[in-house]
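Asks: coords please:
(4 chains)
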2 protein chains.
Amino acid sequence: MPTIYDVARRARVSPSTVSRVLNGKQTVDETLAARVREAARELDYRPNALARSLRRSRTNLWAVLVSDINNPFFTALVRGVEDVARSSQYSVVLCNSDEDPDKEASYVAAILAEQMAGVIISPTGGGGPVQRLIDASVPIVAIDRQVPGATVDLVTVDNEHAATVATTHLIDEGFRHIACIAGPRDLSTARQRLDGYRRALRAAGRPIDSRLIQYADFRESGGYAAMAALLDQSPRPDAVFTTNNLMTIGALECLAERGVRVPDDVAVFGFDDVPCATLIQPPLSTVTQPTYEIGRTAAELLLARIAEPTRPPSVKVLPTEIHVRASSRRRVTKATRPA
Amino acid sequence: MPTIYDVARRARVSPSTVSRVLNGKQTVDETLAARVREAARELDYRPNALARSLRRSRTNLWAVLVSDINNPFFTALVRGVEDVARSSQYSVVLCNSDEDPDKEASYVAAILAEQMAGVIISPTGGGGPVQRLIDASVPIVAIDRQVPGATVDLVTVDNEHAATVATTHLIDEGFRHIACIAGPRDLSTARQRLDGYRRALRAAGRPIDSRLIQYADFRESGGYAAMAALLDQSPRPDAVFTTNNLMTIGALECLAERGVRVPDDVAVFGFDDVPCATLIQPPLSTVTQPTYEIGRTAAELLLARIAEPTRPPSVKVLPTEIHVRASSRRRVTKATRPA
DNA sequence: CTGTTAGCGCCTTCAA
DNA sequence: TTGAAGGCGCTAACAG
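Replies: Here you go, the predicted model:
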């Protein structure tokens, strides 16, 4: 690999001049600049990012550290991040903490060691490792959920509101025993969605039956188990609000396996888009988040934070969309239909 | 951030001794080693990976450069890679080329600039950028598809065989006009699956009707468009073999939208697992790949390649599984049923 | 076994 | 405007 010295020699200038030309600095004489550019091209010179970063003590790499790489919500938002990053000369790498604080800690260590320029993160519940990034003044933007015990830039949605709307819809349809499959207690997002569910019931003068609230882990298996538990107990729900996409899938699998009909026996309203939502019968009612916009907004906040590290943290709340479809609509049963 | 000099001063030894202790080198006197470790702990010292990498001229970062981050096939295999990487002190970052040679080129540039220790890649069709990595002797393992015009370590599956089995199944079920939604012509994987389809027809003495072969882009929208084209022409297929998961989804969406029944009007056999496969009605017949194993095997090949850069490239072909479900079974129609 | 020294490739004062 | 020189933090020769 040719170095800046090789280029300098070939262009008959000093290494500093090469550096200046390659970084678009100051006014270098156009004759020399042209010679430098040609020499660089001829040698297929590519700057050593390691050396440059060591010198400048920061790279041009952003990490997107998500809690579940298999959740399409997180992968979809990466595109929004990439589009902003590319236009600002950053490269984006994706890391997967898998909701595991240990893995998160090991990626945080790597981010620190590699001196990455910024981090967009959906922190795991533990919340420990992220503090290291904050302590080290690494520019950081949280997505989806807050960093426990810290105030950093955040891009999220109106979780509580959306959950209220979804639950209220189920109430208005006339369902009596509306269950909620909630996420981990230590995730702000999960708490807000559960709060929205509770608020809707309260507003309708309905009691909140804690047996109808099942906590799970935001994964498919968790949704499945929670649904199974709900079906095995009394009162058995006639509707369920599932608070993320993977848990919705798990719950639907459980219902299908047991021959429980949707929405006739149990209605379903899910949070987040579900892959192949349109292929599932009946079509699924969902709250959807603007994933691309979330990624884009987070990236823009990160740029702003890098440019001005001391600016006060800001929170962007993006709007959700509610899609009411057949899975949450009460059907007139045959028995009550006029003969 | 404390440096190795700070640790050395505090432990009253030289920086080299600190370096040796921290890297587990040679036999350092245990008294000194203990002092060093304690000093490092007290200062919360974390080595600067940039400096270390600059010095050693290689990092401990692997890149997994996939062609579509929204395809669960690719994200699922990352876990297999991570498990191997972690046990060998490498961190894994995921990059998304989005089947776009330009994006791929820009990530290749970043990988080169950051001197990453190894790359696992599913190359885009263009094939250009990967050559840079090979030229720079970056250890590289291809997954899913070959690198055009180069011989590197490769982990793939028995694409042609699996496609033959799937198509043969459709033939045996008695379908007359079996279509194929094929992938991009410049991807080895797509070619092999199409070859398998052709071979099955040939073996059954069936003509190969080129109107029944639609080329698409391995994406949902491509599958949709291809299916639409097939439905609008004559002969209209009564079965279709879709050669990847996203195109299967697109095709199913098209069929659902037009009220075409599966499998009564058109039977479907898909390649790759489809998210929420079990929720789709009718259950989908698929060829599935061992994603975790593919990731693990690729990572192991990469380790071997790093350890011995000159070893001859090897190709690992992992077995697929065929799941025949209702979407590809011929149903006895009511007309022919005994009354 | 330990310390001194030099340099990985680059950028950035500082002088000219 | 250009060049010379130093140093980012670390490791690997080389002495001792």
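
Asks: residue contacts, A:S122?
Replies: A:S122 sits next to A:L65, A:V66, A:S67, A:F74, A:A142, A:I143, A:D144, A:R145 when contact means Cβ atoms under 8 Å, 6 or more residues apart in numbering or on different chains. Where C-beta positions appear, they are placed from N, C-alpha and C, glycine not excepted.

Asks: Mind putting these into CSV with neighbour count and pLDDT?
Replies: As requested, these are exported to CSV (neighbours: other Cβ atoms under 10 Å in any protein chain shown; pLDDT from 0 to 100):
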residue, neighbour count, pLDDT
A:L65, 28, 97
A:V66, 26, 96
A:S67, 23, 94
A:F74, 24, 96
A:A142, 25, 98
A:I143, 28, 98
A:D144, 25, 97
A:R145, 25, 96
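
Asks: so of those, which ones are in helices?
Replies: In this view, the contacts of A:S122 that belong to helices under DSSP state H are A:F74.

Asks: which of the contacts of A:S122 lies closest to A:A225?
Replies: A:S67 (19.2 Å; Cβ to Cβ).

Asks: isn't that closest one right up against A:C95?
Replies: No. In this structure A:S67 lies outside contact range of A:C95 using Cβ atoms under 8 Å: 10.3 Å.

Asks: Take the contacts of A:S122 and write them to a markdown table, including distance to B:D209.
Replies: Shown next, in a markdown table, are those (distance: Cβ to Cβ, whole Å):
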| residue | distance to B:D209 |
| --- | --- |
| A:L65 | 50 |
| A:V66 | 45 |
| A:S67 | 48 |
| A:F74 | 42 |
| A:A142 | 55 |
| A:I143 | 49 |
| A:D144 | 49 |
| A:R145 | 53 |
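
Asks: Now flag whichever of the contacts of A:S122 is closest to B:R219.
Replies: For those, the nearest to B:R219 is A:F74 (19.2 Å; Cβ to Cβ).

Asks: on that earlier part again, would you format the contacts of A:S122 as a markdown table with distance to DNA strand C included?
Replies: Output for the contacts of A:S122, formatted as a markdown table (distance: Cβ to the nearest atom of the strand, whole Å):
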| residue | distance to DNA strand C |
| --- | --- |
| A:L65 | 27 |
| A:V66 | 31 |
| A:S67 | 35 |
| A:F74 | 33 |
| A:A142 | 29 |
| A:I143 | 30 |
| A:D144 | 35 |
| A:R145 | 36 |
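
Asks: what's the pLDDT at the residue of the stretch 51-200 of chain A found nearest DNA strand D?
Replies: Of all residues in the stretch 51-200 of chain A, the one sitting closest to DNA strand D is A:R55 (3.7 Å; Cβ to the nearest atom of the strand). Reported pLDDT at A:R55 in the predicted model: 94.

Asks: name the element it belongs to?
Replies: helix A:49-56 (DSSP states H and E).

Asks: Contacts for that helix next, please.
Replies: A:59-60, A:115, B:48, B:50-51, B:53-54, B:59, B:110, B:113-115.

Asks: got TSV for those, with neighbour count too?
Replies: Converted to TSV, these look like this (neighbours: other Cβ atoms under 10 Å in any protein chain shown):
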residue	neighbour count
A:T59	23
A:N60	19
A:Q115	20
B:N48	20
B:L50	24
B:A51	18
B:S53	25
B:L54	20
B:T59	23
B:A110	22
B:A113	20
B:E114	24
B:Q115	20
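
Asks: check those against DNA strand C, which are close?
Replies: B:A51, B:L54 (Cβ under 7 Å from any atom of the strand).
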